[in-house]
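Trainee: when you get a sec, could you give me coordinates for this:
(one chain, ligands or ions: 1)
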Amino acid sequence: MRPLFSDTPWFGGDYNPEQWPEAVWDEDVELMRRAGVNLVTVGVFAWSLLEPEEGRYEFGWLDSVLDLLHDNGVKVDLATATAAPPPWLSRRYPESLPVTVDGVRLSPGSRQGYCPSSPVYRRSAARLTRVLAERYGSHPAVVMWHVNNEYGCHVARCYCDESAAAFRRWLTAKYDTIGALNEAWGTAFWSQSYSSFDEILPPRATAAYPNPTQSLDFERFSSDEMLACFLEEKAILREVTPDIPVTTNFMGLFRGADYWRWAEHVDVISDDLYPDPADPDAARGSALARDLMRSLGRGRPWILMEQSPSAVNTRPSNAPKPPGQMRALSYQALARGADGILFFQWRQSASGAEKFHSAMVPHAGTDTRIWREIEQLGSELKSLGEVMGARVQAQAALVFDWDSWWAIEQQGLPATSSYRALVARWHAALTEAGLTVDLTRGDEDLTGYPIVIVPSLFVTTDAQAAAIDAAARAGSSVLVTDQTGIVDENLRVRLGGYLGELQSTLGVWIEEFWPLAGAWVRPGAIPVSPESTVPPTVSVCGSLFADGSATGVEWSETVHVRQAEVVAAFDGGPLDGWPALTRNVRGNGSAWYLATRLGQDDMAAIVRQLIAESGLEVRRPDSGRDGGFVESVQRGDTLFVINHGTAAVTLAIPGTDVLSGGAASGMTLEPNGVAAVVAEVVQASSAS
Ligand code: GAL
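Mentor: Below is the predicted model:
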């Protein structure tokens, strides 16, 4: 297969020339040259123009566009255009439209109006893919295939009869016999025993909670079903154009698809991410998503396929990115392993559903802040060839798994939790401490990581428990937090005290859950009354915390110690005196257990302990960071320092900033400021 990446970062965006008269196209390529654009994604939503009637194609406009781009040195990531079926498809085959959990069949007139299990959708998508591959596979501009678009973005689950039939096929392949399914799903409860696979439906709207394992299997099935759509198109592309790499754009930490299962099938990992400029923590969240993308590709370079130059039009109120933020977030992606920075979209639409979404060429034209920032970034990226292909070295692994995500957010649990928030908080704590973090499903070799964090791995498989234990034995400092090891992959409780196999790793077992009244609630839920008998927080005493005490929120539980040291204990409340934080010596490493949830400062105190005991040396690149999140990431020989905070910081490291050409030491980084410090000098100083 042809390599996609070379020694210059990709720079560009979604290009939708079909929205514009041809007269505009010449100006487009002229401006692309000015901005340094070298890659555009074409045709994502062009199905109805490419195939205006079933089996009749119109390619003239696309031929011209690809030739024009090629003549101007712009490469193309060509879409298979299957994400938005044309009106004729649903008119002729209304059964191809998706159905919601309440049984409502969605109407056409928007996008993504298809059921992933619909045979007619699949057939039509496959036919279009083949025709496009045969026509454009040898076009010199085409360097990558872009299958569909953001699978599951709007319709991640379909509950129609076709989906039900496909679900039954998936279950039959998984369980083989109905007896095995009944056993796995625990159907003896609530009179749910099935006599045949034919009786099974998707978990449509029910009177009370649906069967939890049925629901989890439906999440898995739905992710697999979208993946099957991707694989069908990919197989055609491979057959016709074996040399051209294939991508489909992911959406950061997207709940609807298990990207660990997808990643091995995608030649180039690509991601779409739209951090909210109004959210002061947005850069922390995007750092996590970038680390996930690098980890999905096992460290290989990936592409930021879509981001907005400024405002989006998808929120109730859409803040623009303040000056410099688009650049800072672009460098964050580059620092964390991206070899390409692309946008949605090239030219801001004059009509249609996204006309108020910002674009590289704004409504007001090129005498604009956005255009100037685009030109600046495009020109700067050319000087960053050194970074291309370079690896990012992580010191910590963070376990993140879709099964636990789906399961810990079901109904009928001890408390409601946001899995994403639980994982994000630990990622932020590690990142703030200056560590770089790989994400992992947790069932692979973790022994190389000095620090391993396992937040609320509700579903813990034997393989995960074994890998976590092996990491501790081999010398890692492992921290496991509450709600881990509760159930197996069929959601069957691990009996004999929670934590399952991890009891011997951690030297503790859990008897009973005591969620706190202030537990994380779904948006819109009524806050707990001040008179509640369950306290919203609990004090935790331990000398590692500032002033010897921390505040536990959301969760507490009774922890019995078999052989661990009690590092901190609950102070007051129903669990007064019981262990809150324990540490067990395990082989060459340690295994910590935390039985509550803490604020950032208290999490930072624990991370400092893990860093200290693992012997890691973490150097801060700046002299202070009172104004918020300043991230520093070493990629190859370049140390990126990005100030996402609200106050300026001064760098205190040797080396040269390749962006300004100046010395790094003493350099002031204003909010949204970026430095890319070349490593020769950094290396020389660390060697001395
Ligand atoms: C993405 C999508 C793009 C565009 C963008 C707007 O989800 O792939 O086509 O809609 O959002 O933010």
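Trainee: just give the number of residues close to the residue nearest to Ser308 when sequence neighbours are not counted.
Mentor: Nearest non-adjacent residue to Ser308, counting by CB to CB, 6 or more residues apart in numbering: Ser358, 5.3 Å away. Every C-beta, even on glycine, is put in place using the N, C-alpha and C of the backbone. If you count neighbours by other CB atoms under 10 Å, Ser358 ends up with 22.
Trainee: ok, now which ones touch Ser358?
Mentor: Ser308, Pro309, Ser310, Ala311, Val312, Pro320, Gln348, Ile370 (CB atoms under 8 Å, 6 or more residues apart in numbering).
Trainee: let me see the backbone angles for it.
Mentor: Phi and psi for Ser358, reported as degrees, to the nearest 10, are phi -60, psi 160.
Trainee: what's the closest of the contacts of Ser358 to the ligand?
Mentor: Using CB to the nearest ligand atom, Val312 comes nearest to the ligand of these, at 4.7 Å.
Trainee: mind listing what that closest one touches?
Mentor: Counted by CB under 8 Å, 6+ apart, Val312 has contacts Tyr274, Asn318, His357, Ser358.
Trainee: and if you look at Ala463?
Mentor: Asp443.
Trainee: so what's it scoring on pLDDT?
Mentor: If you check Ala463, the pLDDT there is 98.
Trainee: and what of Pro530?
Mentor: Pro530 is given a pLDDT of 60.
Trainee: so which residues on this protein come close to the ligand?
Mentor: Within reach of the ligand by CB under 6 Å from any ligand atom, the chain has these residues: Asn149, Glu150, Cys153, Asp272, Tyr274, Glu306, Ser308, Val312, Thr314, Phe344, Glu354, His357.
Trainee: most neighbours among the contacts of Val312, which one?
Mentor: So for the contacts of Val312 (other CB under 10 Å), the most neighbours sit at Ser358, 22 neighbours.
Trainee: quick one on the thing from earlier: let's see which of the contacts of Ser358 end up in helices.
Mentor: Ile370 (DSSP state H).
Trainee: can you put the contacts of Ser358 in a markdown table and add pLDDT?
Mentor: Formatted as a markdown table, the contacts of Ser358 follow (pLDDT from 0 to 100):
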| residue | pLDDT |
| --- | --- |
| Ser308 | 98 |
| Pro309 | 98 |
| Ser310 | 98 |
| Ala311 | 98 |
| Val312 | 98 |
| Pro320 | 98 |
| Gln348 | 98 |
| Ile370 | 98 |
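Trainee: show me what Leu598 is bridged to.
Mentor: Gly552 (DSSP bridges).
Trainee: residues in contact with it?
Mentor: Val540, Ala550, Thr551, Gly552, Val553, Ile606.
Trainee: next one: it from Glu409, what distance?
Mentor: From Leu598 over to Glu409 the distance is 21 Å, taken as CB to CB, to the nearest Å.
Trainee: quick check: domain ranges of this structure?
Mentor: 1-8+273-388, 38-268, 396-614, 623-686 (automatic domain parsing).
Trainee: out of these, which gets the lowest mean score?
Mentor: Looking at the domains of the chain, the lowest mean pLDDT belongs to domain 623-686 (a mean of 86).
Trainee: and the domains of the chain as a markdown table, adding distance to Met32?
Mentor: Shown next, in a markdown table, are the domains of the chain (distance: least, CB to CB, whole Å):
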| stretch | distance to Met32 |
| --- | --- |
| domain 1-8+273-388 | 8 |
| domain 38-268 | 6 |
| domain 396-614 | 34 |
| domain 623-686 | 23 |
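Trainee: so which of those is nearest Asp28?
Mentor: Of all these, domain 1-8+273-388 sits nearest to Asp28, with 6.6 Å by CB to CB.
Trainee: and that closest one, how far out from the chain middle?
Mentor: Per CA atoms, centre = their mean, to the nearest Å, the displacement of domain 1-8+273-388 from the mean C-alpha position of its chain is 15 Å.
Trainee: that one: end-to-end distance?
Mentor: With CA to CA, to the nearest Å as the measure, the ends of domain 1-8+273-388 fall 19 Å from one another.
Trainee: that'll do, ta.
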